[in-house]
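**Q** give me a 3D structure for the following:
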Amino acid sequence: MDGFSLIETTSFLNVWYWIVTVVAWSMTAHWTLGVPYDAIRQADKMGGEFAEHCDLQAHINARRMIYYFDKGGPYFIAFVAFMLALIGGWGFLRGSELAQAVFVLAAPLMFTSVFSVRLAYRIKNELLEGEPLRKALRRRRIWNQTIGMIAIIFAAAATVYHFIVVNNYFLIGPSFSPNFQ
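**A** Predicted coordinates for the structure are as follows:
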C-alpha cells in the first residue's frame, strides 16, 4: 500500500473520511453551544465559581451566535441550503461518492447547528441561568449525540452499500455471480 491510496476520493472506504466523521461528531457531542461537557459536570459537582464560569461561557457564546445569526442568518441559511442541495444532487443524482460522503456528514451537522441556534435564542429569551441552563445544555448534548449516532449508522450503511453494490464486491460464490458464463 502506497501513501497515495490514503488520499483517494472513494470516500466511504477511506480512513480519512472516518477520521473526519469521528472528530466532527465527538467535537459536536463534547462542545454544546461552545461549553465543554466537563465544564458542565464541574459546575454541577462543585458549584460556586465553576457554575458562574459555565453560565458565563454559555451566555457569551449564545450572544455571539445570536449576533451573527441576526446579522446574516437568512443569507447563511440560503447559502447552506443551496450548497447542501447542490452537493446532494451531485452525489445522489450524478453518482459522485465524494459528494455523497460530504452530504452524509454535513446534513446532520447542519441540523445540530440549527438546534444550537434555537437553544441560544432560548437562553436569551428565558434568561436561563444555573441548573435550568445546565439542564438545557445537557439535553442539547444528548440530542447532538443521538443525531450523531444515527448519522454514523447511516454513513456505515452507505459504506456497506458502496462496498457491496457499487463496487461489485459480492459475497457469494462465482457460480451465483451475475456475470457467470
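**Q** and the strands in this structure?
**A** All strands of the chain, identified by DSSP state E, fall at 31-32, 35-36.
**Q** which of the ones you listed sits closest to residue 91?
**A** strand 31-32 (27.8 Å; Cβ to Cβ). Quick note: C-beta positions are derived from backbone N, CA and C, even for glycine.
**Q** check the offset of the closest one from the chain's centre.
**A** 12 Å (Cα atoms, centre = their mean, to the nearest Å).
**Q** ditto for stretch 139-147
**A** For stretch 139-147, the distance to the chain centre is 11 Å (Cα atoms, centre = their mean).
**Q** buried residues in that stretch?
**A** By 16 or more other Cβ atoms under 10 Å, the buried positions in stretch 139-147 come out as 140-141, 143-145, 147.
**Q** point to the residue nearest the middle of this structure.
**A** For the chain, residue 109 is the residue whose C-alpha lies nearest the centre (Cα atoms, centre = their mean; 3.1 Å).
**Q** what's the closest of the buried residues of stretch 139-147 to residue 86?
**A** residue 147 (22.4 Å).
**Q** against residue 162, how distant is residue 152?
**A** Residue 152 sits 15 Å away from residue 162, going by Cβ to Cβ, to the nearest Å.
**Q** show the pLDDT at residue 122.
**A** Looking at residue 122, its pLDDT stands at 96.
**Q** just give me the neighbour total for it.
**A** Applying other Cβ atoms under 10 Å, we find 15 other residues in the vicinity of residue 122.
**Q** who's in contact with it?
**A** When contacts are counted by Cβ atoms under 8 Å, 6 or more residues apart in numbering, residue 122 touches 128, 136.
**Q** how near is it to residue 35?
**A** Taking Cβ to Cβ, one finds residue 122 at 14 Å from residue 35.
**Q** what do you get for residue 78?
**A** Taking Cβ to Cβ, one finds residue 78 at 29 Å from residue 35.
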